[in-house]
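> Turn this into a model:
(3 chains)
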Amino acid sequence: MTYTIKGKTGDWELVIGLETHIEVLSKSKLFSGASADYNPSVPANIQVSMVDAAMPGMLPVLNEECVNQAIRFGLAINADITRRSIFARKQYFYPDLPQGYQISQPAEQPPVVGRGWIEIESDNGGMKKILIERAHMEQDAAKNKHDMHPTKSFVDLNRSGVMLLEIVTFLDIKNSENNSFITSPDEAERYLRQIREIARATGVSNANMEEGSMRCDVNVSVRRAGSNEFGTRTETKNMVSFKFIKTAIEFEARRQIEIIENGGAVSQDTMHYNQDSGTTSVMRSKEDALDYRYFPDPDLLPLIITDDQIEKIRKTMPELPTAKRARYIGELGLSEYDADRLTESIEISKYFESAVDGVPARAKGIANWMISELFAHPEFEMKPADLAELVDMTRDGEINGKQAKDIFIKMLDGETGSPKDIANKFGMKQVTDTNAIEKIVDDVIAKNPSQVAEYKNGKVGLLGFFVGQIMKKSGGTMNPATVNEILKEKLK
Amino acid sequence: MNLIDLTLTEALEQLRTKKISATELTRAYLDRIEKYSKELNCYITTTPERALADAAESDKRYANDTARTLEGIPLGMKDLFATRGIRTTAASKMLENFVPEYESTVSQKLADAGTTLLGKTNLDEFAMGTFSKTSFFGAPINPYQRTRKLTPGGSSGGSTSAVAGGLALIATGTDTGGSIRFPSAITGLVGMKPTYGLCSRWGCTAFASSLDTMGQVARTVDDATLMLSVMAGHDPKDSTSANFDFKLQTAPLNLKGLKIGVIKELSDVEISGDMKSIMEKRIQDMKESGAEIIEISIPNILDALAAYYIIAPAEASSNLARYDGMRYGLRVEGTDLIDTYMKTRAAGFGEEVQRRMIVGTAVLSSESYEVYFMQAARVRRMIADSFDAAFKKCDFIVCPSSSGPAMPLDSDLTPLEYYALDLFTVAMNLAGIPAVSVPAGRSANDLPLGLQIIGQKFDDARVLQVAKHIEIFAGLDNRPTSVMGE
Amino acid sequence: MAFTKEQLQKFTKLIRIEISDEKLAEMKIDSIIDWIDKLQKIDTTGVEPMITPATHALPLRADVVTDGGIRDAVLANTPDDAGKSRGYFAVPKVMDE
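Numbers count the residues shown, from 1 in each chain, chains lettered A, B, ... in the order given. So this is what the prediction gives:
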């Protein structure tokens, strides 16, 4: 069921478009040689060249890694990579825009990354494609600080000129059959989380909303449930929190529904979201809309990308989280939850795969250890090979689960050596000799006649008591499965 | 012989053979600057200390035999090129006190070749104009018949006034719609607009990015040729910089067998009788030397002016947006941010700059973009294609540099009448092809007139060599003492 | 395509130059627009626009830090010293953020 909001006169659907900006990782800036490294502790106006400061006679030169990052992202969202695209100037005046224009890529022709798509979980259950119109390269703006002086704002150009990739979702107003778009606040969140995941997995961006490396402009319009028409949309800019984005969408949709149901018309406004009240208000109406006077930047020439370039990058693309998760579940037998946790970051999945090291039978064991133990002890650096050994020793029956835990704890406490070394040092070896086990089982049964009687009368929970006694007596060295088997047999 | 009458080639010869010293030569120029620069107003900033320091260095190098290509040559630098530590104003109130902490590529190359920097020459504000009248520092005057206060042309009027009057041996210029060629023609000099991208634009205040071309102002073709060999070269800091290795060619080019084109569509344009007859004379000279004169067609050449006056203001309106009073240059405090922008830019820019910025904004506005800017860009393509087609029929093209000689500074022309003066020069900027104006004769009242030799992209060396023939045919004396006296 | 007085005033605001209506009229911008209008009569069907005479491929630079760390030089010409000593450009307070 498509998400709907109940209005006075019936149900309404939402049409949501997102323009997401991610700050792209590179050593130097998009068009200047100054550092693009994100480091809040760097003082103002250090990572700034004369080009960034827009001094007379300064000119832009395109960074090749920035182009590669755009291609990487494009491949990851199944997009066409445009072989010939141009740069254009988007012109307006603001202190955070030294040139008086932003170098971007115009809308009339496909930018470096053309049409693509990603898949998200739909509200209906099942998967849904969200079509992407384009992703283009553009310069980021500087930062204005308003709290450093009573009557002036202070401008820091450190981030000015860093590359942004603007990702725009697709909407065909004329032919509704061509569409597959976001229809609810939850879907919006899922979409953004996916974009973030892809950006991180490809190394294109940290896509961190708190740090400002991911921002979103949210376009919302409403229409009566089942309609194929599109209403007038509003735009709420610079959202940097999933929660606020969802609230803003909800509020904006309801606001529009109320206007329409009261006989009014929604006007194409730019809205401002108020975090404290969770409401939106008009910031800029269409009449004030700036004419950006886009025109092709005459300081730059068309960007030509070759098939070879794309193939080269395609070959070095990392496996994306979605594919990785599918592989963990399908080939390595992990649960969905485990797969999600182990693909939370590139480092985690790297560690996991390093420990599994081509032995699928280990996978579940490695996963369990990582999720229940290693994640709880982030300061403990365990070599993947050691974890693999621990898991193997348990699988092979050399040690039992408890012994494995003990070895781990010893390693946590600083014991050096591999798990095998430690097992040998402390004489931890699982006892599997059935005669030896039988001896102890007999012994425990003999010493606990009343419990035996209770057990035989139906209190099957007492099995755990017997196991505990046996483990104590044996110093925890016995194979629990064998103990259970023999115990049950003897208690018949 | 007055040292300032030496050409570049002659001066180098005398310096190399130690007949004169660099300090002597530079002193001669500094003396003449002191004598005449107030009257000619060809310099915005003079740098005598720097010039003498440069000259001292040059003398050292001549002494220990490490002289560079232009060692000890006194140079005027159009005040558009950023010179580190030296005020660079673009002849605008907006940048009246702007001192760059960087050096333009072209000025660095000239410095590295051993020139001595005399100062920053006057120009039209932000290179927008034809008489150098829009300069915040007042217009320079033409050294020819200087009591008449004629214009030395624009926008590189300070450079041409200086070189013609002997206040610089060579000077740099920029040519966006004719701003080197037109002023050079009416001051009896050789002025070249090289192929677009041959010389780097980095560090030179931008007017119209796809049209701005850095070039030379000199007294002879040989001088201009040597200058170009130093100024040209690929610059990785300029994305539009050409990957072309300009090779210095001084071997004369035989006119015999060369096809010289005359543009059919220009024959009906009204030009002064003097210009007409000079053109005929020089064409005849070329014919007699064995060149074949053929008529070629550039069908839209008369539309080049309108196309130029759409594209150049459009690009300028964008390039000058950075002059906003926020990070450098003039600031006039207003009541708030927007008011500060409005007042700063109203006070900082002169009328012609404002006019072009408004026109530029108009032609880029969303409702006009297709019919003005894009239409002009298409006409531009047609003109460039026409030149390509013409060069399949001829090797070089000849045409006037102007419709007549220098006019009085106080000529009261409408904006459109000023723009019309660019008629013979803008098309080459649109196409990006090289063109050099060379002294070709004198008007009836003895004022210089020039002709242009135009060639295909990157054929700059041969364009100069053809121009040399015109120079020889015309045989004009443009020594500064002849023009202005001692 | 003539522009009305209002449109021209709008352009002056877009370009952030304060000009009175009188001054604007004196500039004779309409005469220039009328003149450049003649380009519209030219049939340019099928012609690719030309943005630059340069025909080479857009050059790319290697991703290496080659610039920056020149704060004093960058701030040297600032017209407002209020922020300079703290390493910032000081500008009139920005309101609508």
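> Need the residue closest to the centroid of chain A.
Central residue of chain A (C-alpha atoms, centre = their mean): residue A:197, 2.9 Å from the mean position.
> Residue B:429: what's it in contact with?
B:175-178, B:193, B:196, B:211, B:213, B:308 (C-beta atoms under 8 Å, 6 or more residues apart in numbering or on different chains). Where you see a C-beta, it was placed from the backbone N, CA and C, and this is true even at glycine.
> measure the residue of chain B most remote from its centre to residue C:92 for me?
The outermost residue of chain B, judged against the average C-alpha position, is residue B:335 (41.0 Å), by C-alpha atoms, centre = their mean. The spacing between residue B:335 and residue C:92, counted by C-beta to C-beta, to the nearest Å, is 9 Å.
> Spatially nearest residue to the residue in the stretch 301-450 of chain A that chain B sits nearest to, not counting backbone neighbours?
Residue of the stretch 301-450 of chain A nearest chain B, by C-beta to the nearest C-beta: residue A:301 (6.4 Å). The shortest distance from residue A:301 to any non-neighbouring residue, by C-beta to C-beta, 6 or more residues apart in numbering or on different chains, is to residue C:58 (4.1 Å).
> Can you classify the one you found by secondary structure?
Three-state call for residue C:58 (DSSP: H, G, I helix; E, B strand; the rest coil): coil.
> Pretty sure it sits against residue B:238.
No: using C-beta atoms under 8 Å, residue C:58 is not in contact with residue B:238; the gap is 12.0 Å.
> Neighbour count for the two, which is higher?
residue B:238 (23 against 19; other C-beta atoms under 10 Å in any protein chain shown).
> Contacts only, for that one.
By C-beta under 8 Å, 6+ apart, the neighbours of residue B:238 are A:59, A:61, B:105, B:197, B:200-202.
> The same query, at a cut-off of 6 Å, please.
Applying C-beta atoms under 6 Å, 6 or more residues apart in numbering or on different chains to residue B:238 gives the contacts A:59, B:200-202.
> Listing request: residues of the chain with sub-threshold pLDDT.
Let's take chain A. Within chain A, the ranges that satisfy pLDDT under 70 run A:285-289.
> wait, chain C
Using pLDDT under 70, chain C drops low at C:1, C:96-97.
> just checking, what packs against the longest strand along it?
The residue-count maximum for a strand in chain C (DSSP state E) belongs to strand C:89-92. Here strand C:89-92 touches strand A:152-156, going by 3 or more C-beta pairs under 6 Å, 6 or more residues apart in numbering or on different chains; DSSP states H and E.
> okay, now residue C:21: neighbour count?
Counted with other C-beta under 10 Å, residue C:21 comes out at 12.
> Actually, residue B:29.
Residue B:29: 26 neighbours (other C-beta under 10 Å).
> before we move on, back to that, test my guess that the residue of the stretch 301-450 of chain A closest to chain B contacts residue C:55.
No: using C-beta atoms under 6 Å as the test, residue A:301 is too far from residue C:55 to be in contact (8.3 Å).
> okay, those two: which has more neighbours?
residue A:301 (21 against 10).
> In a strand, that one, correct?
No: using three-state DSSP, the assignment for residue A:301 is coil, not a strand.
> Torsion angles phi and psi at it?
phi -110, psi 170 (degrees, to the nearest 10).
> how close does residue B:358 sit to residue B:469?
From residue B:358 to residue B:469 the distance is 44 Å (C-beta to C-beta).
> who has more neighbours, those two?
residue B:358 (26 against 22).
> if you go through the stretch 1-150 of chain A in chain order, where are the helices?
Using DSSP state H, counting those that start in this stretch, the helices found in the stretch 1-150 of chain A span residues A:64-76.
> Apologies, that question was intended for chain C.
C:5-14, C:21-26, C:29-36, C:71-75 (DSSP state H).
> likewise the stretch 101-250 of chain B?
Using DSSP H, counting those that start in this stretch, helices in the stretch 101-250 of chain B cover B:105-112, B:157-165, B:181-185, B:221-231.
> Would you mind telling me which of these is nearest chain C?
helix B:105-112 (14.9 Å).
> And the contacts of that closest one?
Outside helix B:105-112, the residues that reach it (C-beta under 6 Å, 6+ apart) are B:75, B:77, B:81, B:83, B:199-200, B:202-203, B:214, B:230-231, B:235.
> Surely residue C:65 is in contact with residue A:35?
Yes: counting by C-beta under 6 Å, residue C:65 does reach residue A:35; the two are 4.7 Å apart.
> Now do the contacts for whatever residue of chain A ends up closest to chain B.
Distances between chain A and chain B by C-beta to the nearest C-beta are smallest at residue A:100, namely 2.5 Å. Counting by C-beta under 6 Å, 6+ apart, residue A:100 touches A:93, B:321-322.
> For burial, what's the neighbour tally of the nearest residue to it once chain neighbours are set aside?
In this structure, residue A:100 finds its nearest non-sequential neighbour in residue B:321, 2.5 Å apart by C-beta to C-beta, 6+ apart. Number of residues near residue B:321 (other C-beta under 10 Å) recorded here: 24.
> Also the one 3 residues further on?
Here the count is done by other C-beta under 10 Å, and residue B:324 has 28 residues near it.
> What separation is there between it and chain C?
7 Å (C-beta to the nearest C-beta, to the nearest Å).
> Is the residue nearest to that residue when sequence neighbours are not counted within a helix or a strand, and which one?
Of all residues not flanking residue B:324 in the chain, residue B:341 sits nearest, at 5.6 Å (C-beta to C-beta, 6+ apart). Per DSSP states H and E, residue B:341 falls inside helix B:337-348.
> pull the CA atoms of that helix into PDB?
Provided in PDB are the C-alpha atoms of helix B:337-348 (Å, rounded to 0.1, in the frame of the first residue of the first chain):
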ATOM      1  CA  LEU B 337      24.900  43.200   2.900                       C
ATOM      2  CA  ILE B 338      22.900  43.800  -0.300                       C
ATOM      3  CA  ASP B 339      23.100  47.600   0.000                       C
ATOM      4  CA  THR B 340      26.900  47.200   0.500                       C
ATOM      5  CA  TYR B 341      27.100  45.300  -2.800                       C
ATOM      6  CA  MET B 342      25.000  47.800  -4.600                       C
ATOM      7  CA  LYS B 343      26.800  50.900  -3.400                       C
ATOM      8  CA  THR B 344      30.300  49.400  -3.700                       C
ATOM      9  CA  ARG B 345      29.800  48.300  -7.300                       C
ATOM     10  CA  ALA B 346      28.000  51.500  -8.300                       C
ATOM     11  CA  ALA B 347      31.000  53.500  -6.900                       C
ATOM     12  CA  GLY B 348      33.700  51.200  -8.100                       C
END
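> okay, the angle between it and strand A:152-156?
Interaxial angle, helix B:337-348 versus strand A:152-156 (axes from the mean of the first three to the mean of the last three C-alpha atoms, to 10 degrees): 80 degrees.
> Mean pLDDT per helix and strand in chain B: which one sits at the bottom?
Using mean pLDDT, DSSP states H and E, helix B:415-420 stands out as the lowest-scoring helix or strand of chain B, at a mean of 90.
> And the next helix or strand past it?
helix B:426-431.
> Could you check how far the next helix or strand after that next one is from the centre of its chain?
Counting by DSSP H and E, the next helix or strand C-terminal to helix B:426-431 is strand B:435-442. In terms of C-alpha atoms, centre = their mean, to the nearest Å, the centre of strand B:435-442 is set 13 Å apart from its chain centre.
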